[in-house]
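**Student:** Just need the structure, nothing else, for what follows:
(one chain, ligands or ions: 2)
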Amino acid sequence: MSQDLWREAQNYFAGGVNSPVRAAVRPYPFYVKGGRGAYLITEDSEELIDYVLGYGPLILGHAHQNVVRRVKEQLERGWLYGTPSRAEVELARKIVRHVPSAQKVRFVNSGTEATMTAIRLARGFTGRKRILKFDGNYHGAHDWLLVDAGSAASEFGVATSKGIPEEVSNLVSVCSYNDLTCPEKVLSKEDVAAVILEPVMGNMGVIPPEDGFLSGLRELTRTYGSVLIFDEVITGFRLGLSGAQGHYRVVPDLTTLGKIIGGGFPIGAVCGKREIMDQLTPSGKVFNAGTFNANPISMVGGLATIEELEKGKAYTTSERAAKELSEEIDESIRIPHVVNRVYNFFQFFLGVTSVSTAKEARESRRELYVKIHERLLKEKVFIPPSQFETLFTSEAHDSEVVSRSIEAFKRVLVDIN
Ligand SMILES: Cc1ncc(COP(=O)(O)O)c(C=O)c1O
Ligand SMILES: N[C@H](C=O)CCC(=O)O
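**Tutor:** Ligands and ions are numbered 1, 2, ... in the order given. Below you'll find the predicted structure:
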């Protein structure tokens, strides 16, 4: 039973978990023994409709049969060679074909490693130290970017983490999202190696870029000689095959990917302009290495997933699901609120009527969001436990799943005030 496992977990893990957001599920996290399509099956044998989807990677839903088959076939042939394998070339070919900025690729094992490597590359390429990021953007758990970070860092009140030397965090300038005045000021005054951002914010709830924001940053970084990095760990292959850069038609110098490109197996990637990527070892002097880089299981899981995505159905179904559900939520909430949706992911904010910055997201009535999360769990619907995460949909969120979810939301939202 979940409760027993949770009690025992306190003995082994800080706060009982291995990634903090999981501890935000109240009264205690449910433990999962399986997943199928749009559903999670808990240790207490409950079936929950899942709008978390592993925090984004599972755009085909749980245990998609083609991904299972391909990964099983790979397992039979072994899963770690310490040499290159065909699958890494095939997955890189897909990324280069679909992602406008990708001329070369380096596979790593998480989004965290991807952004860490991208920052090192930008510094190595430009010979500069300073980084500009945006309040509430989350780029993983490494030292360079844990300043005013979103996601669990904001949820647990450590947007700027302890344990990071001031000498490191002082090299980071932070601007408010959707504002071009601050980046212009910083870039004109300082030598900035890289401007990094989520082209759609997905770690303070969902916050879309306003018209002209991404293209404005593209122009500014060109003018001042800084590397523009789009962190597409969430948006890559979610906003269509070409990600946010294809959707908004703004091409950065470097892109970080993760989540979907591994089909739910651990992965990260940096890709981008040839002359920057070639700075990486062994062709250049910017070091990166990894025992598990381009491991065959993640490569094959990613390949099978992208092949499914190329058929188009996952995008049509997931977008329809997100649209229908978010519109019903919008109609059912009776107090001031706003629903921010981009394509197939969204979040709702209560007590505020517009959210275009992290500050506005923080001003929303988070206690009400938590209440809704808890009540939905009783209705067998799992949405993120934190206001600062995102509801994702998948190919498995068909009209029956969406109708059941809408009914559950209506029952819960009727007396939220
Ligand atoms: C935009 C973004 N960048 C980077 C990361 C870090 O990825 P990972 O958790 O795979 O290290 C995440 C999520 O965690 C993310 O949402
Ligand atoms: N918001 C994070 C990634 O996108 C959630 C994943 C985690 O912190 O465990």
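**Student:** A102 is in what secondary structure piece?
**Tutor:** In this structure, A102 is located outside every helix and strand according to DSSP states H and E.
**Student:** ok, and the closest non-adjacent residue to it?
**Tutor:** Of all residues not flanking A102 in the chain, C271 sits nearest, at 3.8 Å (C-beta to C-beta, 6 or more residues apart in numbering). Where C-beta positions appear, they are placed from N, C-alpha and C, glycine not excepted.
**Student:** Pretty sure that neighbour sits against I95.
**Tutor:** Yes. With contact defined as C-beta atoms under 8 Å, C271 reaches I95; the gap is 5.9 Å.
**Student:** what sits in contact with each of those two?
**Tutor:** Taking C-beta atoms under 8 Å, 6 or more residues apart in numbering as the criterion, C271 and I95 both touch A102, V105, L257.
**Student:** Make JSON lines out of these and add pLDDT and distance to ligand 2.
**Tutor:** Converted to JSON lines, the shared contacts of C271 and I95 look like this (pLDDT from 0 to 100; distance: C-beta to the nearest ligand atom, whole Å):
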{"residue": "A102", "pLDDT": "98", "distance to ligand 2": "21"}
{"residue": "V105", "pLDDT": "98", "distance to ligand 2": "21"}
{"residue": "L257", "pLDDT": "99", "distance to ligand 2": "13"}
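**Student:** related to what we said a few turns ago, specify which residue of C271 and I95 has the higher count of neighbours.
**Tutor:** C271 (26 against 23; other C-beta atoms under 10 Å).
**Student:** how much space between that one and ligand 1?
**Tutor:** 14 Å (C-beta to the nearest ligand atom, to the nearest Å).
**Student:** a strand runs through that residue, doesn't it?
**Tutor:** Yes. Under DSSP: H, G, I helix; E, B strand; the rest coil, C271 sits within a strand.
**Student:** could you measure it against ligand 2, distance?
**Tutor:** According to C-beta to the nearest ligand atom, C271 stands 19 Å off from ligand 2.
**Student:** returning to what we had before: mind listing what the residue nearest to A102 touches?
**Tutor:** Shown in contact with C271 (C-beta under 8 Å, 6+ apart): 95-96, 99, 101-106, 254-255, 257, 277.
**Student:** so what pLDDT did it get?
**Tutor:** Here, the pLDDT recorded for C271 equals 98.
**Student:** And A153, by the same measure?
**Tutor:** Model confidence at A153, expressed as pLDDT, equals 89.
**Student:** Would you mind confirming that it makes contact with A159?
**Tutor:** Yes. Between A153 and A159 there is a contact under C-beta under 8 Å: 5.2 Å.
**Student:** burial of the residue of the stretch 51-200 of the chain at minimum distance from ligand 1, as a residue count?
**Tutor:** When scored by C-beta to the nearest ligand atom, the stretch 51-200 of the chain has G111 as its residue closest to ligand 1, at 2.2 Å. Look at G111: counted by other C-beta under 10 Å, it has 26 neighbours.
**Student:** for R26, same thing?
**Tutor:** R26, neighbours per other C-beta under 10 Å, totals 12.
**Student:** ditto for V168
**Tutor:** 13.
**Student:** looking at this, it is in a helix?
**Tutor:** Yes. Inclusion of V168 in a helix is indicated when three-state DSSP is applied.
**Student:** now it: how far from ligand 2?
**Tutor:** Noted for V168: a distance of 21 Å to ligand 2, by C-beta to the nearest ligand atom.
**Student:** got a list of what that residue touches?
**Tutor:** When contacts are counted by C-beta under 8 Å, 6+ apart, V168 touches D143, W144.
**Student:** With the one 4 residues further on instead?
**Tutor:** Going by C-beta under 8 Å, 6+ apart, V172 touches R130, I131, L132, K133, W144, L145, V147.
**Student:** re earlier: most neighbours, which of the shared contacts of C271 and I95?
**Tutor:** Most neighbours among the shared contacts of C271 and I95, by other C-beta under 10 Å: L257, with 30 neighbours.
**Student:** Which helix or which strand is home to the closest residue in space to K313 that isn't next to it in sequence?
**Tutor:** Computed as C-beta to C-beta, 6+ apart, the closest residue to K313 that is not its neighbour in sequence is E395, at 6.0 Å. Counting by DSSP H and E, no helix or strand carries E395.
**Student:** Cool, thanks, signing off.
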